[in-house]
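K.L.:
mind folding the following:
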Amino acid sequence: MKLRKKKQKNPIKFYIIQVGFVSGGKTITNQNVMAKNDAVESEPTMVAKGAELKKELQKLVKAIADEDDDDDDDNNNLEAIDRAQKILCGLKELKVMTSAAVSLKNLHHYNSVPEEFKCPLSMELMRDPVIIASGQTFDRPFIQRWFKAGNRTCPRTQQVLSHTILTPNHLIREMIAQNQGIKLPESIDHTGSTRLDRVRFLGLLDKMSSTLSDQRDAAKELRLLTRQTPRFRALFGESPNAVPQLLSPLAQTNNEAKFHHPKLQEDVITTLLNLSIHENNKKLVAETPSVIPILINALRFGTIETRSNAAATLFTLSALDSNKALIGRSGALKPLIDLLDEGNPLAMRDVSAAVFNVCIVHENRAIAVRDGAVRVILKKLASRVQVDELVSILAMLSTSERGVEEIGELRGVECLFSIIRETSCGRNKENCVAILYAICCRDRSKLREMREEESVYGTLSQLAENGTSRAKRKANAILDRMSRGRGRVVNVTHTA
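P.N.:
As a prediction, this is how the structure comes out:
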């Protein structure tokens with residue numbers, strides 16, 4: 001077998017491969033396989049020739065394997081092996097030529113792609129063009145890789161992006177398909193949504209502004225789709241009007257009045273909860289003007305499931321710090337605390353989680369205290385309801401001056417000491433003693449009650465010995481204040 005380069009004026013090289021092989025029992029020599037700039041046309045021929053060679057090779061291998069070792073005719077066996085070797089060489093060269101043909105085809109295709117159809121990141125033909133916040137278009141997988149690397153700027157303009165939502169560019173997509181004569185696959189984002197999904201999604205949103213019957217059917221289906229299919233949650237982020245359209249049946253009701261169609265309200269609020277789970281939707285949902293007022297109305301007047309899901313939505317949205325502040329200013333804490341006061345087991349966990357998250361922002365703690373959170377929490381703790389969550393909230397509220405005063409006034413010291421004695425949870429003990437320390441720092445009159453507790457149960461001494469590192473520090477600090485306080489009282493009495 002020989003490989004020689006044939007000189008041509010055309011800069012694209014020609015290769016002639018001279019292959020000798022046996023086919024159908026006849027020896028064929030000097031079969032030329034050429035790869036040139038129009039090699040695409042000969043590619044099917046090379047594939048057919050390869051299939052013919054493989055078929056012949058299979059026959060030879062079977063004949064060699066089946067031949068009896070005792071057969072005296074060794075020449076036939078050697079001839080078959082020799083033919084098989086030649087076919088293998090021919091297959092190898094065909095493989096090389098096919099790869100060369102494909103490479104040349106791709107080079108020719110690349111040179112014919114207009115610049116506007118190439119992704120600025122990959123410099124390749126875009127297969128799934130999408131628009132980012134700067135208005136620039138990129139191929140979806142490459143711009144997703146850019147964002148996943150932590151970049152929040154446009155690769156082309158260096159503009160800082162307000163969001164990372166990717167919107168399919170259907171115009172460029174259709175132009176690529178027409179210009180290149182190819183059919184691009186359905187646009188699929190990172191959640192897997194397709195054009196058919198979007199058509200279905202937009203149709204359901206249109207029904208939310210239709211008759212009551214259509215609204216009920218659409219809300220029920222959207223609730224199901226956003227619960228089971230993450231891609232439908234992501235679709236809400238692609239359209240700025242999607243959330244207002246979803247809420248349009250509820251937006252027509254006075255926020256101070258009960259909604260007359262409780263099942264429709266429940267489905268809409270639950271859909272809002274489902275789509276809020278999607279990370280990119282949290283800011284969009286919370287900053288939609290009608291969302292929080294509608295959630296507050298649901299907390300006040302909805303079914304218990306609706307109220308629980310409204311609380312869960314606020315909890316989910318409050319994962320963002322900017323949303324925590326927004327929710328705190330909106331007046332949502334009061335209905336959350338009222339629902340907590342009612343104590344329905346179905347809602348307690350979602351409500352306490354929402355209040356905790358919102359109160360992480362220091363300014364919201366004073367609002368929660370003003371709205372009655374201390375009284376409600378101490379009442380629930382007395383019944384040992386949601387102890388872990390409520391003690392954590394109370395610890396945050398104790399950083400508020402009015403909050404710590406209320407804890408002392410509402411017999412919080414007695415409640416907190418009883419929890420320390422009963423619970424086996426180190427974190428609960430730690431939070432309780434931290435609250436007690438805040439009380440004794442602001443109200444020295446409570447030191448007497450703490451001394452009585454210590455003299456009967458030795459609670460603080462045990463905690464100073466066996467608690468967490470923080471609990472030990474707080475317990476020792478209280479014991480120190482108690483000791484110094486006793487000394488001052490004695491001195492004052494003696495002077496008097």
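
K.L.:
which strands and helices sit next to the host helix or strand of G203?
P.N.:
If you go by DSSP states H and E, G203 is part of helix 195-207. Contact analysis of helix 195-207 by 3 or more CB pairs under 8 Å, 6 or more residues apart in numbering; DSSP states H and E lists helix 212-228, helix 230-235, helix 242-251 as its packing neighbours. (C-beta placed from N, C-alpha, C; glycine too.)

K.L.:
those helices: lowest mean pLDDT?
P.N.:
If you rank the helices and strands packed on helix 195-207 by mean pLDDT, helix 230-235 sits at the bottom with a mean of 86.

K.L.:
work out the gap between that one and the centre of the chain.
P.N.:
Averaging C-alpha positions (CA atoms, centre = their mean, to the nearest Å) puts helix 230-235 11 Å from its chain's average.

K.L.:
hang on, the earlier thing: in the helix holding G203, what counts as buried?
P.N.:
Buried residues in helix 195-207, counted by 16 or more other CB atoms under 10 Å: D197, R198, R200, F201, L204, L205, K207.

K.L.:
okay, the angle between it and helix 212-228?
P.N.:
140 degrees (axes from the mean of the first three to the mean of the last three CA atoms, to 10 degrees).

K.L.:
neighbours around the closest residue to L390 other than its chain neighbours, how many?
P.N.:
Counting by CB to CB, 6 or more residues apart in numbering, I377 is the residue found nearest to L390 once chain neighbours are left out, at 4.9 Å. Neighbour count for I377, taken as other CB atoms under 10 Å: 29.

K.L.:
if I look at I377, how far off is M348?
P.N.:
Distance of I377 to M348, given as CB to CB, to the nearest Å: 12 Å.

K.L.:
what residues are shared contacts of the two?
P.N.:
Taking CB atoms under 8 Å, 6 or more residues apart in numbering as the contact rule, I377 and M348 both touch L340.

K.L.:
related to what we said a few turns ago, these two touch, right, the residue nearest to L390 and L394?
P.N.:
Yes: counting by CB atoms under 8 Å, L394 is a contact partner of I377 at 5.2 Å.

K.L.:
who touches the closest residue to S400 other than its chain neighbours in this structure?
P.N.:
Counting by CB to CB, 6+ apart, S400 lies nearest to R365, which is 4.7 Å off, once chain neighbours are set aside. Going by CB under 8 Å, 6+ apart, R365 touches C359, M396, L397, T399, S400, G403.

K.L.:
and if we set it to 6 Å?
P.N.:
C359, M396, L397, S400 (CB atoms under 6 Å, 6 or more residues apart in numbering).

K.L.:
which of these fall in strands?
P.N.:
Residues of these located in strands (DSSP state E): none.

K.L.:
most neighbours out of the residues you listed, which is it?
P.N.:
C359 (26 neighbours).

K.L.:
got phi/psi on R427?
P.N.:
phi -70, psi -40 (degrees, to the nearest 10).

K.L.:
picking that back up, SS state for the residue nearest to L390?
P.N.:
Secondary structure assignment for I377 (DSSP: H, G, I helix; E, B strand; the rest coil): helix.

K.L.:
what's the closest non-adjacent residue to V413?
P.N.:
Here the residue nearest V413, using CB to CB, 6+ apart, is E449, at 5.2 Å.

K.L.:
what's the local residue count around the one you found?
P.N.:
E449, neighbours per other CB under 10 Å, totals 18.

K.L.:
the one 5 residues further on now?
P.N.:
E454 has 18 neighbours, counted by other CB under 10 Å.

K.L.:
find the helix or strand that it is a member of.
P.N.:
helix 447-457.

K.L.:
can you list the buried residues in stretch 371-387?
P.N.:
Buried, per 16+ other CB under 10 Å, within stretch 371-387: 371-381, 385-387.

K.L.:
what of stretch 82-93?
P.N.:
R83, A84, K86, I87, C89, G90, L91, E93.

K.L.:
so of those, which ones are in helices?
P.N.:
R83, A84, K86, I87, C89, G90, L91, E93 (DSSP state H).

K.L.:
and the third one, how far from I64?
P.N.:
What it means is K86. 14 Å.

K.L.:
out of the buried residues of stretch 371-387, which one sits closest to G426?
P.N.:
V387 (13.3 Å; CB to CB).

K.L.:
show me where this protein has its strands.
P.N.:
2-6, 14-23, 26-35, 129-131, 137-139, 167-168.

K.L.:
return the distance of L94 relative to R421.
P.N.:
From L94 across to R421, the span is 85 Å (CB to CB).

K.L.:
same check on C441?
P.N.:
Taking CB to CB, one finds C441 at 22 Å from R421.

K.L.:
for R227, same thing?
P.N.:
Distance from R227 to R421, by CB to CB: 44 Å.

K.L.:
likewise for I478?
P.N.:
15 Å.

K.L.:
and those two? which has more neighbours close in?
P.N.:
I478 (23 against 14).

K.L.:
quick one, phi psi at L166?
P.N.:
phi -110, psi 120.

K.L.:
if I pick the nearest residue to it once chain neighbours are set aside, what's in contact with it?
P.N.:
Distances taken as CB to CB, 6+ apart place V130 nearest to L166, at 4.1 Å, with adjacent residues excluded. By CB under 6 Å, 6+ apart, V130 lies in contact with R140, L166, P168, N169.

K.L.:
okay, who's weakest in those residues by pLDDT?
P.N.:
Lowest confidence among these: L166, with 79.

K.L.:
for L91, see how far away that one is.
P.N.:
45 Å.

K.L.:
could you do V355 as well?
P.N.:
73 Å.

K.L.:
and for T271?
P.N.:
59 Å.

K.L.:
likewise N309?
P.N.:
65 Å.

K.L.:
how about F147?
P.N.:
From F147 over to L91 (counting by CB to CB), the distance is 45 Å.

K.L.:
same check on M175?
P.N.:
42 Å.

K.L.:
output the below-cut-off pLDDT ranges for the stretch 201-350 of the chain.
P.N.:
253-257 (pLDDT under 70).

K.L.:
follow-up on the earlier one: tabulate the buried residues of helix 195-207 in TSV, adding columns for distance to V243.
P.N.:
Below are these laid out as TSV (distance: CB to CB, whole Å):
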residue	distance to V243
D197	17
R198	16
R200	17
F201	13
L204	13
L205	10
K207	16
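
K.L.:
turn the helices and strands packed on helix 195-207 into a markdown table, including mean neighbour count.
P.N.:
Compiled in a markdown table, the helices and strands packed on helix 195-207 are given as follows (neighbours: other CB atoms under 10 Å):
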| stretch | mean neighbour count |
| --- | --- |
| helix 212-228 | 18 |
| helix 230-235 | 22 |
| helix 242-251 | 21 |
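
K.L.:
could you export those as a markdown table, including distance to S483?
P.N.:
Formatted as a markdown table, these follow (distance: least, CB to CB, whole Å):
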| stretch | distance to S483 |
| --- | --- |
| helix 212-228 | 59 |
| helix 230-235 | 58 |
| helix 242-251 | 59 |
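
K.L.:
quick one: closest of those to E409.
P.N.:
helix 242-251 (39.9 Å).
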